[in-house]
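Asks: Fold the following for me, if possible:
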Amino acid sequence: MASAVSYEMIEAICNDLAATGENPTYLKVHERLGKGATRIVSAYIREWREHQAQASALSRHPFFGSWPESLQLKAKSLFDALLALSAEGAAEAEQTLKAEFDKQAEELRQATDQARRESADAQDSLRNERAETARLQTELDSLKEAELAREAMIADLLAQREQHVATIAENQRQLENLRDEHRVHVMELNVQAATERSRLIDELRIERERAAGEREHLMRQTDQLRQDHAAAVQEWRQRAAALESGLVAQRKKTDEAEERAAAQTSHARELTTIVHARDGDIAALKADIATVSRSLQEQAAMSSAQAARIEMLEQQVARETTRAKDAEMRTQELVTQLTSVPRPAPDKPGPAETQ
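Replies: Modelled structure (predicted):
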């Protein structure tokens, strides 16, 4: 691999990087080259830097800076030849400096190994941070899905609430209709009860008047019979001796009068029975009125139960809304935590890049 790398290849890559305004470092050159040992590539990069420094110094020289480019190239060739000649003289110095160079190379290798270990640690930390970020992102996605599910549930609950409100409105409308019908029915029952009561009172009054008239007639008849009987007795006493034969006829009349009195008494008892029957009808009517009142109370209780159910549904909707707000707050807190996670620091340049 090392024999396949030449100075011309390194020079071309360094010139391309310098043309784009980048600093030719070992990592950048090795990344483009894709091969080569660290020592050889670094040596060629240093050689390219020395040539660039000489060319820059030559172009800035007060005598050579104004020369044409061809003369500058010839002067550069001359300087290269001089450098080659001076290299022979510097061979001895190179031997002296080789030991120091090897020592520096060993220190550089150790520093490179340390940098590689630090880079590996940084890579591990970066992977851990990326894994934590992925975990937080997964948790955020799950929370977003849960939030969407809660929003769907809230929308469903709102739809159910609207349906319940519509049902409640329909129930209230039906309740109002039932109340109106009940009110009309009660009014009709009250009218019928008042009419029936008036009729029964009138009939009772008539029956009582009739019974009173019959009792009065019976009393008059009784008084008349008593008077007739007294007159007959007086007349019998007066005419007892003379009217012995008329006594039988008088007794017959007395028996007939007693039969009529018994008949009148029986009729009075029948009238009393009719009055008691009318009183029973009035009591039954009062019982019907009490039944209607209980029905009204039961309907009022049903209305109260429906109102309590409506209140319970509204409380359930309020609880679901509070739960959705809590979930939204937790999602916002998690997003805040994700945004506050520190970004991984970029890789630190190795010692080879600083050369």
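Asks: okay, and the helix or strand of the chain with the least pLDDT?
Replies: The helix or strand of the chain with the lowest confidence, counting by mean pLDDT, DSSP states H and E, is helix 69-89 at a mean of 61.
Asks: In terms of secondary structure, what does the helix or strand containing Glu132 contact?
Replies: Here Glu132 is covered by helix 91-238, with elements defined by DSSP states H and E. For helix 91-238, the elements it packs on are helix 246-339, judged by 3 or more Cβ pairs under 8 Å, 6 or more residues apart in numbering; DSSP states H and E. Bear in mind the C-beta positions are built from the backbone N, C-alpha and C, glycine included.
Asks: just to revisit the earlier point, helix 246-339 and the helix holding Glu132, what's the angle between them?
Replies: 170 degrees (axes from the mean of the first three to the mean of the last three Cα atoms, to 10 degrees).
Asks: Helix 91-238 - what's its average pLDDT?
Replies: Across helix 91-238, the average pLDDT comes to 81.
Asks: chain center to that helix: distance?
Replies: 15 Å (Cα atoms, centre = their mean, to the nearest Å).
Asks: Please apply the same query to stretch 10-17.
Replies: 65 Å.
Asks: What lies in contact with that stretch?
Replies: With contacts defined as Cβ atoms under 8 Å, 6 or more residues apart in numbering, stretch 10-17 is touched by 23-24, 28-29, 32-33, 41, 44-45, 48.
Asks: Give me the buried positions along that stretch.
Replies: Across stretch 10-17, burial judged by 16 or more other Cβ atoms under 10 Å covers 10-11, 13-14, 17.
Asks: Please apply the same query to stretch 151-170.
Replies: 154, 157, 161, 164, 168.
Asks: Looking at these, which is nearest Glu209?
Replies: Taking Cβ to Cβ as the measure, Glu209 lies nearest Ile168 of the buried residues of stretch 151-170, at 58.2 Å.
Asks: thought that closest one was touching Ser303?
Replies: No - using Cβ atoms under 8 Å, Ile168 is not in contact with Ser303; the gap is 11.2 Å.
Asks: hmm, back to that, and the buried residues of stretch 151-170, which two are furthest apart?
Replies: Top of the distance list for the buried residues of stretch 151-170 (Cβ to Cβ): Ile154 and Ile168, 19.9 Å.
Asks: Tell me the secondary structure at the closest residue to Val5 other than its chain neighbours.
Replies: Nearest residue to Val5, sequence neighbours excluded (Cβ to Cβ, 6 or more residues apart in numbering): Gly36, at 4.0 Å. With DSSP: H, G, I helix; E, B strand; the rest coil as the basis, Gly36 sits in coil.
Asks: try Glu50
Replies: Under three-state DSSP, the three-state class of Glu50 is helix.
Asks: Quick check: the gap between it and Ala43.
Replies: 11 Å (Cβ to Cβ, to the nearest Å).
Asks: Also Gln316?
Replies: Plainly put, Gln316 is 80 Å away from Ala43 if you go by Cβ to Cβ.
Asks: Measure how buried Gln297 is and give me the count.
Replies: If you count neighbours by other Cβ atoms under 10 Å, Gln297 ends up with 10.
Asks: list the buried ones in stretch 259-278?
Replies: Of all the residues in stretch 259-278, those buried under the rule 16+ other Cβ under 10 Å are 264, 271, 278.
Asks: can you check stretch 325-344 too?
Replies: 327, 331.
Asks: let's number from 209 now, not from 1
Replies: Noted, 209 is the first residue going forward, which turns the last one into stretch 533-552.
Asks: So what's the gap between it and the chain middle?
Replies: The answer for stretch 533-552 is 21 Å, by Cα atoms, centre = their mean.
Asks: for that stretch, what is the average pLDDT?
Replies: Rounded mean pLDDT across stretch 533-552 is 77.
Asks: which residues touch that stretch?
Replies: Outside stretch 533-552, the residues that touch it by Cβ under 8 Å, 6+ apart are 333-334, 337-338, 340-341, 344-345, 347-348, 351-352, 354-355, 358.
Asks: Looking at the residues you listed, spot the one nearest Arg418.
Replies: Among the contacts of stretch 533-552, and counting by Cβ to Cβ, the member closest to Arg418 is Arg358, at 83.8 Å.
Asks: care to break the protein down by domain?
Replies: 210-297, 355-547 (automatic domain parsing).
Asks: Whatever helix or strand Arg254 lives in packs against which elements?
Replies: Here Arg254 sits within helix 246-268, counting by DSSP H and E. In terms of contact count using 3+ Cβ pairs under 8 Å, 6+ apart, helix 246-268 is assigned the packing partners helix 215-227, helix 234-241, helix 277-297.
Asks: If we go by neighbour counts, what in it is buried?
Replies: 248-250, 252-253, 256, 266.
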